[in-house]
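# pasting the sequence and the predicted model now:
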Amino acid sequence: MPSLKERFEAFVQTLEGFESIDYLLMGNDYAGKQRADYLLNGRTIIIEQKSLEQNPTDKPQKFVERLANEQGFLIYGQVSTNLIFGRMGLTRIAGAPGSH
């Protein structure tokens, strides 16, 4: 089965006024320059395609396990992250996914 990225690329090519910016700029050297991927609808819509190449579902679990290990917590079974963070006196963790 094609990846989500490949399926999106096939889909977007069916839309009205589809233009591939890579195709338009073929033969020109723009190495290191950032640009969008596609134009649509008479160049009034610009699409920048982003996709995840790795499954990030295990990141939160690894983050909590690292925190628990650093703090010396022994956890068996399921424990709320609110309990872990509360015992640390924290409501937001620097470096946690979603914190800035």
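On my side now, so go ahead. Keep in mind it's a predicted model, so treat the numbers as computed, not measured.
# doesn't Q61 belong to a helix?
Yes: membership of Q61 in a helix is supported by DSSP: H, G, I helix; E, B strand; the rest coil.
# burial check on it, number of neighbours?
9 (other Cβ atoms under 10 Å). For every residue, glycine as well, the C-beta is placed using N, CA and C.
# what does the model give it for pLDDT?
The model reports Q61 with a pLDDT of 82.
# and for A96?
In this prediction A96 is given a pLDDT of 55.
# Y30 too?
Y30 is assigned a predicted lDDT (pLDDT) of 75.
# distance of it from E9?
20 Å (Cβ to Cβ, to the nearest Å).
# comparing the two, which residue is more hemmed in?
E9 (16 against 10).
# which SSE is immediately downstream of the host helix or strand of that one?
For E9, the host element (DSSP states H and E) is helix 4-12. Following helix 4-12 in sequence order, the next helix or strand is strand 19-20 (DSSP H and E).
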